[in-house]
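Visitor: Whatever this is, show me its structure:
(2 chains)
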Protein chains: 2
Amino acid sequence: MASYEVFVTYKKGIFDPPGVTAERALSNLGYDEVASVKIGKYIRLVVEDREGGLDRVKEMCDKLLANPVIEDYRIVEVEEGTVAP
Amino acid sequence: MASYEVFVTYKKGIFDPPGVTAERALSNLGYDEVASVKIGKYIRLVVEDREGGLDRVKEMCDKLLANPVIEDYRIVEVEEGTVAP
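Guide: From the prediction side, this is the model:
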């Protein structure tokens, strides 16, 4: 088995409604030191070992896990069991 | 300014509907090597430097960014400009 972490974020310039909402809410809660909040997706995949594993994970991101029009993604292969929390 | 990455995931045993949906969809798309998909939140915070910065970020997670009843979170302080993508 191979494990991957995928980080999906909005592309630069794309409006991030959850991030803006969190920014305002944190400010309202008194955390006025917060300058910026961006909220994306954190995906953990476990897949069977197969030839071209990383390329197939990229395909999965392009087709389903991210929206390449408005989102960037970064894939990191991780040792099994080291993905925390 | 200090930058933090926060990874929010469902606690063990808590049902993860987006993850299960992605698992099924990937299988339907022919990616039958996928054993497990978990989907959480990836938050990037930029805050002004202040005494006890990390503790305050923990507070923000407990109060707003995560739901401590069903979610775990992990905070990593990162060098400014190194947060990618």
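Visitor: mind listing what A:Arg56 touches?
Guide: For A:Arg56, the contact set (C-beta atoms under 8 Å, 6 or more residues apart in numbering or on different chains) comprises A:Val47, A:Arg50, B:Tyr31, B:Glu33. Where C-beta positions appear, they are placed from N, C-alpha and C, glycine not excepted.
Visitor: Just the buried ones from those, in ChimeraX syntax?
Guide: ChimeraX command restricting the contacts of A:Arg56 to the buried ones, with burial defined by 16 or more other C-beta atoms under 10 Å in any protein chain shown:
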select /A:47 /B:31,33
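Visitor: Please enumerate the strands of chain A.
Guide: Ranges of strands in chain A, per DSSP state E, are A:2-10, A:34-47, A:71-78.
Visitor: Make JSON lines from these and add distance to chain B and mean pLDDT to it.
Guide: Shown next, in JSON lines, are the strands of chain A (distance: least, C-beta to the nearest C-beta, whole Å; pLDDT from 0 to 100):
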{"stretch": "strand A:2-10", "distance to chain B": "5", "mean pLDDT": "95"}
{"stretch": "strand A:34-47", "distance to chain B": "4", "mean pLDDT": "96"}
{"stretch": "strand A:71-78", "distance to chain B": "4", "mean pLDDT": "95"}
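Visitor: Pipe those strands into CSV and attach distance to B:Val78 per row.
Guide: As requested, the strands of chain A are exported to CSV (distance: least, C-beta to C-beta, whole Å):
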stretch, distance to B:Val78
strand A:2-10, 12
strand A:34-47, 13
strand A:71-78, 13
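Visitor: Where is pLDDT lowest across the contacts of A:Arg56?
Guide: Here the lowest pLDDT out of the contacts of A:Arg56 sits on A:Arg50, with 82.
Visitor: hang on, isn't it packed against B:Val34?
Guide: No: contact criterion C-beta atoms under 8 Å: A:Arg50 and B:Val34 do not qualify, at 10.3 Å.
Visitor: Specify the residue positioned farthest from the middle of chain A.
Guide: In terms of distance from the mean C-alpha position of chain A, A:Gly30 ranks first, at 27.4 Å (C-alpha atoms, centre = their mean).
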